[in-house]
Every structure is written in C-alpha cells, then in structure tokens.
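Participant: turn this into a structure:
(2 chains)
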Amino acid sequence: MSETDLTKLPINTLLDRSDQMSSTAVAMHRLSLWLASPRPYLMMIGFGLFLGFWYLSVEVWKLPRFAEMPGLTTVVSEWLSKNPIYGLSIFVDEYYLHIWVSIRRIAIAFFLATAIGVPLGLFLGWSKRFKQFVFPVFELLRPIPPLAWVPLAIVMFHGSETPVIFLTFLASFYATALNTMLGVQSIDISYVRAASCLGAKRWQIFRHIIVPGALPFIFTGLQISVGVAWFSLVAGEMVSGQYGLGYVINTSYTMVRYPTIIIGMVTLGIVGYVTSAMVRVLGDYMMQWRTRELALGGER
Amino acid sequence: MNPTSASVAVSALPGGAIPAQAARTGKVRIIDAVKYYGAAGTGVLAVDHCTFEVPAGEITVVVGPSGCGKTTLLNAIAGFHSLSSGSIYLDDEMLCGPGKLKAEPGPDRIVVFQNGALFPWKTNIENITFGPMMQGRLTRAEAYEKARDMMADAGLRGIENNYPGEISSGVRRRVEIVRALMNDPKILLLDEPYRALDSLTKSVMHEALLEIFYKNRVTIFFITHDLEEAIFLGHRVVIMTTRPCRPKKILDIDIPHPRDYSVLTTKRFREFMDETAAAVHEEATKAFAAGEKER
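Facilitator: Model prediction:
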C-alpha cells in the first residue's frame, strides 16, 4: 500500500509558497526584480533619446521645421512655473479643472459604454437569432467615425456637455461590444458541453462559462475602449465644450499659446496612460486565474 | 467515493474479483446507429449501421483511425449531436432513438474531453464541486467536503485552491475525472483523454485510471487510436473501420483485472496485439488512402 500513500502526498508543495506570501511582499519582490532587470534603464534611455532629440532639434540646431515649435525647456519651465506666461501650469487651479472635466466625461462615457456594450456583446455572441437581427445594423453604424456624428450630436443633445459625452461613448461602445462578442465566440465549445454534462442549465452556463470565458476579450475591448474614448473626447472637446484638455489645446492654438498646447498634449498622454493602466489592473484582479497562469509561464 | 467498496476493491479482493455490492449500471446499447453529416448525396456518412454493447461495470475501448467517426458516436451518447437513425439505450432507458434523435446531456453520462475541459477560471475545487452545485444536489459545504475527500483519495491533496493552469496536464486529467465522479455518473465517456500526454505520463495515467475504476466500478467508454492502450485498459475492445465507422472486430480481453504495467510484457497481451494489429493497420491504411483521394 506504500504506493497509494505516495500519491496521497500533497503534490504541489512548491505552489503553496506563493499563497503564503503577502501581497506587499509580492509587490516588493516584483519591484526588486524589475530594478534588477535591464528594463527600467532601457526605458530611461528611450525617454532620454526622445527628449534629447526634441531639445536639440528645436533649441540647439533650430532645424527648419522645428524652429517654430515650443522647445523642451520652454515647455517644462512654463509647466512648472508658479507664474505661467500663458496661464496654465501645475500651480494653476484651472489646469486641474480641465483635467477633472475631461476625466469626468471619460468616466461617464466609459461607464455607459461598458454597461451597455458588455451585455450587448454577450448576447450577440450567445444568441444566434439576436445576432442575426442586431448585428447587421451594428456593422453598418460601426464604420461611421465618431467625428461624423458631431453635427447630429449637437442637434440631438442640448448644452455642450452631453454631445461630447455622446461622441466619447460611441467610439468606446463599439470597441467594447465587438470584443465582447468575439470573446463569447472564442470560448471552446468543450467548456459549454462539459457544463451541460455536469447538469448546468442554460442561464447557469451563461453565468459560469460564457461571462468568465469572455472576460479576457472583454478586457482587451475595454483597453481599446478607454484609448479610443480619449481619442474622440479630444475631438469632441475641440468642436464643442467649455473645459477639458481638448478644449485647452484648441483654444491655445487659436490664441497662439504654443507651450500650452504641448502641456495639454503631455497631460493627455499621462492621464490616458493612467486610465488604461487602471483598466489593466482591474482586469488582472478579476482574472486571477490568468495572471497566475501567465506568471507561472514566466511571461510576467 | 464509497469508502467500503474502495477498500474492498483495493485490498481485500486479490485477482480482480468485482465487489458484489457494486452497482452494475451504465450498460449502453447502440443499435443500428447511423450518422450522416450534410445534405443527402453530398454529405458524409460518419457512422454506418453501428451496433454493439457497452457492458455495465466494465471498460469498453473503441479503437479506430483518426477521424473515423468514433467521437461522433460518443457525442451521440453524451447528447451533443443527434443521430440520423438508430437508437441508443442506457440501462434500458432510451437516450435517443426514433422520434427523439438527440439525447439530453446529463450528469449520468459525463464526458472527459480530448484536450481537457476544466474551466480555467475556476479553481480545482470549484471545478470539482461544479456539477452537484449546479444541479442543486448538494449544499456548498457538503459539496466541498465531498470534493476534499475525493481529491485526497485520488492523491490530489494540496491543489484545491490552485487553478488548472497551475498544475501539470497529467494532474489536470485526474482532476477532470474526479469532477466527473463527483456526480456518481452511470458511465464515463472518455474521448482520447491521454492523446496529448507524453508516453511516460500516459502510463502513469493508465494505472491511475484503473485504480479509480477498481474503486468506483463505474462503466467506462473509452475512445482511442492507440491499440496498446486499448488492450491494456479494456475488458472489451471494439475495433472500428475507417469512415464510415462500424465495428470491424469485437474482442473480449480475458487478461484478469486488476492489471498493472507488467501486463504489457505477458504472452497473452502480445497475442491480443498480434491478433488485432493487422486489422487496425488495414483500417489505418484505408483511412490514409482515403485522405489522399480526398485531397
């Protein structure tokens, strides 16, 4: 019977270790791994090259096309100035108002796009009949760029806020719904069959197989969605709108405040990166199984 | 599962005598089954007037060349596909037949899939408790308790809260079989479950499967294209023709159970291999030639 006893030993003592480590310890461990790898240094070199090119081409070499551009030092000193020449820096309250207004619009539009797009995508993938009558309309509307909706949005909605949110919502919505649908269609039929073998009813299959099975695609969709949301937000803010980073860029252009344009752009880059990182972190949190699988494969 | 029958099967009965109290259910009769894909005239005949029986409490292995239609047969029993005609009975209850060509999938016939179908988003214990909890047969606490017992019994202690992606493919198959057994199925339908495993893991898996079988005496319907695997595991081996599939030869393997890997080197095993190798090879050649033609 010694043979049977052997098989009864815990076969995964190695994996138990990770369960005992606290999350801060894991985070610290990852940070030290990151610092020990060449990645942060290569990243710094990349930034250095980019900023160096900007500085040299505009302010030192004064290359033909670049001479008119605001230089690196001009932008940075304006951005960090307590008394900005053109009125916008990190010490001005209005700067944060613009950021806040843009983020608020993104949040509302992204929330609506997710709340409507995910269920729609799930049903499109799940029910053939539903897809047959909804998808053709969807496919016809989808190629219309959000900017083409600008006039209609302004006519349809009052004020300056709702049209911008509507435009932002549109782009996000298509990305989310389409990816969710693809996610459902990507689920291996064996999972659905296994669940029905195990006695799951149709709605139980939907809840336990379809939704979690589509989750990786849903989060890919949300990553794209939050990216295109910023894209059409800025377009919308340039056309209508009172505040916001797109508005800053557009008015600074008409009022010839070139450094402020760059401040607006850089801010967009940072805020956009943060929002998509937030979506990624949420995805990792909701898909522990995937994170752990990838971690085991050494891909993370 | 049942502690008394388990200990009896493993320790008290040498020579593979079947415990008398073991439930002898799970007999499957396939009668004149035909499956035709596509429109008449242009379609493909996958299963051609197939008739044979899967005896209760035994392992029946179906061997045939890849793509011969043996999985179609399994899918008809499981209720994933309909038959074109014919009927299938499980313990004298009609699963599918005239008037109802597609069976309902259910926990009395559980499939273990070719590439494995543990839900990667559920932990191993969540996978194992899935069946009884979906059916509402057990409460969460009961299901978890039963799952822990069964996992310990199958040598799977310590991985309850890991995800299937974190364990090796061999262990995954064992978890999947435990997930099936949690439902006390009448028959297990195994669709080339060890196809993707390397030969060393495979041999361990074979013995593990036999051990599970001796404990539970659940009827097993096993599909493979590996003749050695078939003879090693099966009480009965059904050799199929190439597409359309039909039993070519049915053998009762009289090598006594419980078996272990020493069986592979016995004279009787070799005799069975010799007896069947020619038939299987002939069908494989036909399948290959047909493949060449279709191209």
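Participant: assign a three-state SS to residue B:25, would you?
Facilitator: Put simply, residue B:25 is coil when judged by DSSP: H, G, I helix; E, B strand; the rest coil.
Participant: mind listing the helices for the stretch 1-150 of chain B?
Facilitator: Ranges of helices in the stretch 1-150 of chain B, per DSSP state H, counting those that start in this stretch, are B:3-7, B:70-78, B:124-135, B:140-153.
Participant: which of those helices sits closest to residue B:275?
Facilitator: Minimum separation from residue B:275 across the helices of the stretch 1-150 of chain B (Cβ to Cβ) falls at helix B:70-78, 20.2 Å. (Each C-beta comes from the backbone N, C-alpha and C, glycine too.)
Participant: and that closest one, how far from the chain's centre?
Facilitator: In terms of Cα atoms, centre = their mean, to the nearest Å, the centre of helix B:70-78 is found 11 Å from the chain centre.
Participant: burial count for residue B:137?
Facilitator: Neighbourhood size, residue B:137 [other Cβ atoms under 10 Å in any protein chain shown]: 15.
Participant: sorry, that was for residue A:96
Facilitator: Look at residue A:96: counted by other Cβ under 10 Å, it has 10 neighbours.
Participant: mind telling me what element it is part of?
Facilitator: helix A:93-126 (DSSP states H and E).
Participant: quick revisit: how about TSV for the helices of the stretch 1-150 of chain B, with distance to chain A, mean neighbour count and mean pLDDT added?
Facilitator: TSV is the format used below for the helices of the stretch 1-150 of chain B (distance: least, Cβ to the nearest Cβ, whole Å; neighbours: other Cβ atoms under 10 Å in any protein chain shown; pLDDT from 0 to 100):
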stretch	distance to chain A	mean neighbour count	mean pLDDT
helix B:3-7	10	13	41
helix B:70-78	6	24	90
helix B:124-135	4	23	94
helix B:140-153	6	16	92
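Participant: to residue A:101, which of these lies closest?
Facilitator: helix B:124-135 (43.8 Å).
Participant: how far off helix B:140-153 does that closest one point, in degrees?
Facilitator: On the basis of axes from the mean of the first three to the mean of the last three Cα atoms, to 10 degrees, helix B:124-135 is oriented at 130 degrees to helix B:140-153.
Participant: what is helix B:124-135 packed up against?
Facilitator: Packing partners of helix B:124-135 (3 or more Cβ pairs under 8 Å, 6 or more residues apart in numbering or on different chains; DSSP states H and E): helix B:140-153, helix B:169-181.
Participant: angle of it against helix B:169-181?
Facilitator: Here helix B:124-135 runs at 20 degrees with respect to helix B:169-181, directions being taken by the same axes, to 10 degrees.
Participant: contacts for helix B:124-135 next, please.
Facilitator: By Cβ atoms under 8 Å, 6 or more residues apart in numbering or on different chains, the list of residues contacting helix B:124-135 from outside reads A:195, A:198-201, A:204, A:208, B:107, B:110, B:118-119, B:122, B:138, B:140, B:142-144, B:146-148, B:150-151, B:156, B:159-164, B:167, B:175-176, B:178-180, B:182-183.
Participant: per-residue confidence at residue B:2?
Facilitator: pLDDT for residue B:2: 43.
Participant: ok, back up a step: can you flag the buried ones in the contacts of helix B:124-135?
Facilitator: A:195, A:198-200, A:204, A:208, B:107, B:110, B:118-119, B:122, B:138, B:143-144, B:146-148, B:150-151, B:156, B:159-160, B:162-164, B:167, B:175-176, B:178-180, B:182-183 (16 or more other Cβ atoms under 10 Å in any protein chain shown).
Participant: what count of nearby residues applies to residue A:73?
Facilitator: Look at residue A:73: counted by other Cβ under 10 Å, it has 12 neighbours.
Participant: for the residue lying closest to it once chain neighbours are set aside, which three-state class applies?
Facilitator: For residue A:73, ignoring the flanking residues on the chain, the nearest one in space by Cβ to Cβ, 6 or more residues apart in numbering or on different chains is residue A:59 at 6.4 Å. State at residue A:59, reduced to three classes by three-state DSSP: helix.
Participant: contacting residues for residue A:59?
Facilitator: Going by Cβ under 8 Å, 6+ apart, residue A:59 touches A:71-74.
Participant: residue A:73 and residue A:55 touch, don't they?
Facilitator: Yes. Assessed by Cβ atoms under 8 Å, residue A:73 is found in contact with residue A:55 at 7.1 Å.
Participant: between the contacts of residue A:59, which sits nearest chain B?
Facilitator: residue A:72 (46.3 Å; Cβ to the nearest Cβ).
Participant: which pLDDT value belongs to the closest one?
Facilitator: Looking at residue A:72, its pLDDT reads 92.
Participant: that one reaches residue A:55, doesn't it?
Facilitator: Yes. Using Cβ under 8 Å, residue A:72 is in contact with residue A:55, at 4.3 Å.
Participant: residues contacting residue A:185?
Facilitator: Residue A:185 sits next to residue A:125 when contact means Cβ under 8 Å, 6+ apart.
Participant: what pLDDT does it get?
Facilitator: pLDDT, residue A:185: 95.
Participant: ok but residue B:160 is inside a strand, no?
Facilitator: No. Per three-state DSSP, residue B:160 lies outside any strand segment and is coil.
Participant: chain neighbours aside, what residue packs nearest to it?
Facilitator: The nearest residue in space to residue B:160 (Cβ to Cβ, 6+ apart) is residue B:125, at 4.1 Å.
Participant: name the surrounding residues that touch the one helix or strand residue A:196 maps to.
Facilitator: If you go by DSSP H and E, residue A:196 is part of helix A:189-197. Counting by Cβ under 8 Å, 6+ apart, helix A:189-197 makes contact with A:204-205, A:208-210, A:213, B:78-80, B:105-107, B:109-111, B:113-115, B:117, B:119, B:130, B:134, all of which sit outside it.
Participant: buried set for it?
Facilitator: A:190-197.
Participant: and for the residue in the stretch 201-300 of chain A positioned nearest to chain B, the neighbour number?
Facilitator: Taking Cβ to the nearest Cβ as the measure, the stretch 201-300 of chain A has residue A:293 as its residue closest to chain B, at 3.3 Å. When counting by other Cβ under 10 Å, one arrives at 17 neighbours for residue A:293.
Participant: ok, it - contacts?
Facilitator: By Cβ under 8 Å, 6+ apart, the contact set of residue A:293 is B:120, B:163, B:165-166.
Participant: highest neighbour count among these?
Facilitator: Counting neighbours by other Cβ under 10 Å, residue B:163 comes out on top of the contacts of residue A:293 with 23 neighbours.
Participant: now it. Nearest residue, chain neighbours left out?
Facilitator: residue A:289 is the one closest to residue B:163 (Cβ to Cβ, 6+ apart), at 4.2 Å.
Participant: now the helices for the stretch 151-295 of chain B?
Facilitator: Counting by DSSP H, counting those that start in this stretch, one finds helices in the stretch 151-295 of chain B at the ranges B:169-181, B:199-216, B:227-233, B:267-294.
Participant: which one of the ones you listed lies nearest to residue A:157?
Facilitator: Between residue A:157 and the helices of the stretch 151-295 of chain B, the shortest gap by Cβ to Cβ is with helix B:169-181, which sits at 52.4 Å.
Participant: now the helices of the stretch 151-295 of chain B in JSON lines, with mean pLDDT and distance to chain A?
Facilitator: Below are these laid out as JSON lines (pLDDT from 0 to 100; distance: least, Cβ to the nearest Cβ, whole Å):
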{"stretch": "helix B:169-181", "mean pLDDT": "90", "distance to chain A": "7"}
{"stretch": "helix B:199-216", "mean pLDDT": "86", "distance to chain A": "8"}
{"stretch": "helix B:227-233", "mean pLDDT": "88", "distance to chain A": "18"}
{"stretch": "helix B:267-294", "mean pLDDT": "78", "distance to chain A": "22"}
